[in-house]
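**Q** Below are the sequence and a predicted model for it; my questions follow.
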Amino acid sequence: MSKELLQTPLYDLHVEFGARMVEFAGWEMPVQFAGITKEHNHTRTACSVFDVSHMGRLRLTGDDCEAFLNRICTRNLTDAEVGRSYYSHVCRADGGILDDVIVSRFEESWGIVCNASNREKITSWIDEHRKGRDVELVDETRSTAMIACQGPKTLELAQELTGSDMSSLKRYRFSVREVGPMSIVTYRCGYTGEDGFEVVIPAGLAPVLVPRLLGSKDQPHAVIKPAGLGARDTLRIEAAMPLYGHELSEEVDSLTAGQSWCVDLNKDFIGADAMRKLNDGGLSRRLVGLELDGRRIARQHAGVYRASRTVGKVSSGTLSPTLGTSIAMAFVNADDAAEGTTMEVEVGSKRTAAKVVGLPFYKRGASR
């Protein structure tokens, strides 16, 4: 018997706004509202609201939290600043990535945001490795909601709606506002390549607060629009942000995935020995950007070739709404990874010419 799909606190609002709902990581989620391309372009030019309540939100308390998190995370969290968030990986002993997470340092606790598909895996991993340590774990995923507001007009609109100057909050910092017995946490981060923030609120508040941003189906906000998982994916591909199950997996290590910046090989963590050996011996594969001829999309696992040689596989691909070109990320042999290298990519039953380009494909304020 299949599991009943979970619903976020905003499910009814999604239905009201005409979302196309799909199953994603055990949740019933909106994949699109007005259309993926429209939502993508609106995020790049104005402000979109994404429901990301399906992502895991974990709370850790206890005197051993810092040492424990330094043991299971690739990022060095020693003396982490209160009010700051850190992107990190959690890895197996062989370096395979169990998940990519955001770790946040609160005054009396630590927070972890993990991928929806990996929440049970990560909570089990934490339970296994916290034995004998003063570390307590609470899963707050169902008791809270998480909303991402993204786009160049987001901060201006936030100030108009709340009276708060969000621009004073630096990237990967967060603030906590106590409203009676409830906490509202605002993070200056996102997954689209645009500016904005993510807000975690009690689940019961979400159906009350979010309509103040979006309005109603009959009287929608003139600028703030809902967006679904489809646009979230095309936006993150343009910004070359990795997605678990695509660029990241248990079969890929952090260095090969191009994420060495979140790995401190000078400290001991689970997977450090394997990655030190890999670093010393050199990488056999690298993650690269590809720009394809034409407008056909390269799908995940599609082969990448040079002449008769198979040199890699596509991890993610899309037709970029911003750039108007077909783009992809792929793992290829390190010897074939130089920018400008010409390739062929399997698209359907044919091969399409492509070349290696720098990542990201899109950067706020400048594009290729």
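**A** Sure thing, it's come through.
**Q** Residue 295: neighbouring residues, count only.
**A** Residue 295 has 11 neighbours, counted by other CB atoms under 10 Å. From N, CA and C alone the C-beta is placed, and that goes for glycine too.
**Q** Just confirm residue 34 contacts residue 225, I think it does.
**A** Yes. Counting by CB atoms under 8 Å, residue 34 does reach residue 225; the two are 7.1 Å apart.
**Q** more neighbours, the two?
**A** Using other CB under 10 Å, the more surrounded residue of residue 34 and residue 225 is residue 225, with 22 against 16.
**Q** Can you list the residue ranges for helices in the stretch 1-150 of the chain?
**A** 11-16, 36-45, 65-72, 119-129 (DSSP state H, counting those that start in this stretch).
**Q** which stretch among the ones you listed comes nearest residue 173?
**A** The minimum distance between residue 173 and those falls on helix 65-72, with 18.3 Å, by CB to CB.
**Q** Report the set of residues contacting both of residue 34 and residue 225.
**A** residue 42 (CB atoms under 8 Å, 6 or more residues apart in numbering).
**Q** re the thing from before, will you turn the helices of the stretch 1-150 of the chain into JSON lines that also has mean neighbour count, distance to residue 213 and mean pLDDT?
**A** Output for the helices of the stretch 1-150 of the chain, formatted as JSON lines (neighbours: other CB atoms under 10 Å; distance: least, CB to CB, whole Å; pLDDT from 0 to 100):
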{"stretch": "helix 11-16", "mean neighbour count": "17", "distance to residue 213": "10", "mean pLDDT": "98"}
{"stretch": "helix 36-45", "mean neighbour count": "21", "distance to residue 213": "14", "mean pLDDT": "98"}
{"stretch": "helix 65-72", "mean neighbour count": "20", "distance to residue 213": "33", "mean pLDDT": "98"}
{"stretch": "helix 119-129", "mean neighbour count": "16", "distance to residue 213": "26", "mean pLDDT": "98"}
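**Q** could you dump those to CSV with distance to residue 234?
**A** Formatted as CSV, these follow (distance: least, CB to CB, whole Å):
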stretch, distance to residue 234
helix 11-16, 19
helix 36-45, 5
helix 65-72, 32
helix 119-129, 24
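**Q** So which of those helices is nearest residue 291?
**A** helix 36-45 (18.0 Å).
**Q** distance between the closest one and the chain's centre?
**A** Its chain's C-alpha centre and that of helix 36-45 lie 18 Å apart, by CA atoms, centre = their mean, to the nearest Å.
**Q** same question, stretch 187-205
**A** The chain centre lies 12 Å from the centre of stretch 187-205; the measure is CA atoms, centre = their mean.
**Q** End to end on it, go ahead and measure it.
**A** End-to-end distance for stretch 187-205, by CA to CA, to the nearest Å: 17 Å.
**Q** Quick one: neighbours of residue 204, just the number.
**A** Neighbours of residue 204 (other CB under 10 Å): 12.
**Q** Could you check how far it is from residue 143?
**A** 9 Å (CB to CB, to the nearest Å).
**Q** for the stretch 201-350 of the chain, what spans make up the strands?
**A** Ranges of strands within the stretch 201-350 of the chain are 224-227, 285-292, 303-306, 309-319, 326-333, 342-347, 350-357, based on DSSP state E, counting those that start in this stretch.
**Q** for those, which one sits closest to residue 30?
**A** It's strand 224-227; of the strands of the stretch 201-350 of the chain, that one is closest to residue 30 (CB to CB) at 7.2 Å.
**Q** Of the helices of the stretch 1-150 of the chain, which is nearest residue 319?
**A** Of all those, helix 36-45 comes closest under CB to CB, at 8.8 Å.
**Q** Spatially central, which residue of the protein would that be?
**A** Using CA atoms, centre = their mean, the residue of the chain that lies closest to the mean C-alpha position is residue 191, 5.1 Å off.
**Q** which residues touch it?
**A** 148, 150, 232, 235-236, 239, 241.
**Q** Wait, residue 176 touches residue 182, no?
**A** No. In this structure, residue 176 is not within contact of residue 182 by CB under 8 Å, at 10.8 Å.
**Q** circling back to that earlier point, farthest pair within the contacts of residue 191?
**A** The widest separation within those (CB to CB) is 13.5 Å, between 148 and 239.
**Q** any residues in contact with both of the two?
**A** 191-192.
**Q** hang on, isn't residue 230 packed against residue 31?
**A** Yes. Using CB under 8 Å, residue 230 is in contact with residue 31, at 4.8 Å.
**Q** between those two, which one's more packed in?
**A** Between residue 230 and residue 31, counting by other CB under 10 Å, residue 230 is the more crowded of the two (20 against 17).
**Q** What sits closest to the more buried one if chain neighbours are left out?
**A** residue 36 (3.8 Å; CB to CB, 6 or more residues apart in numbering).
**Q** how close does that neighbour sit to residue 77?
**A** With CB to CB as the criterion, residue 36 and residue 77 are 36 Å apart.
**Q** so residue 45 touches residue 150, yeah?
**A** No. Assessed by CB under 8 Å, residue 45 is found out of contact with residue 150, at 11.4 Å.
**Q** Low-confidence stretches in the protein?
**A** 1-2, 366-368 (pLDDT under 70).
**Q** and this structure, what are its domains?
**A** 6-55+142-238, 57-120, 284-362 (automatic domain parsing).
**Q** any chance of those domains in JSON lines, plus distance to residue 277?
**A** Formatted as JSON lines, the domains of the chain follow (distance: least, CB to CB, whole Å):
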{"stretch": "domain 6-55+142-238", "distance to residue 277": "30"}
{"stretch": "domain 57-120", "distance to residue 277": "9"}
{"stretch": "domain 284-362", "distance to residue 277": "12"}
